[in-house]
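S.K.: sequence? don't have it. structure:
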């Protein structure tokens, strides 16, 4: 009988701590996503702003989502990373100045 109690005395604390470890909540995973697609060609006679158009973003009814229409990629990068035009180093195809 004493031998059985010795086994429980040694294994009991391990069972309690392993159950507590499994009961911990896993951390919530978060990430940001960006989707970039080319705009359709401008139609004949269509009026478009020189710097494109935006919607959403801070201070709007949709602060967590910002949409750019017909905007050079360089402008999007400058907005996203708060970088002035003279500090942006990007390939020419992004529309850099």
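M.R.: Happy to help now that I have it. Only a predicted model underlies this, so the values are computations on that prediction, with no experimental measurement involved.

S.K.: quick check: mean pLDDT across stretch 67-82?
M.R.: Here stretch 67-82 scores 85 as its mean pLDDT.

S.K.: which parts of that stretch are buried?
M.R.: Within stretch 67-82, the residues that count as buried by 16 or more other C-beta atoms under 10 Å are 68, 71-76, 78. Bear in mind the C-beta positions are built from the backbone N, C-alpha and C, glycine included.

S.K.: Show me where this structure dips below the pLDDT cut-off.
M.R.: Counting by pLDDT under 70, the chain contains low-confidence residues at 1-23, 48, 50-51, 96-97.

S.K.: what ranges do the strands span in it?
M.R.: 53-56, 66-69 (DSSP state E).

S.K.: Looking at these, which is nearest to residue 29?
M.R.: Residue 29 lies closest, by C-beta to C-beta, to one member of the strands of the chain: strand 66-69, at 22.4 Å.

S.K.: and stretch 24-37, how far out from the chain's middle?
M.R.: 6 Å (C-alpha atoms, centre = their mean, to the nearest Å).
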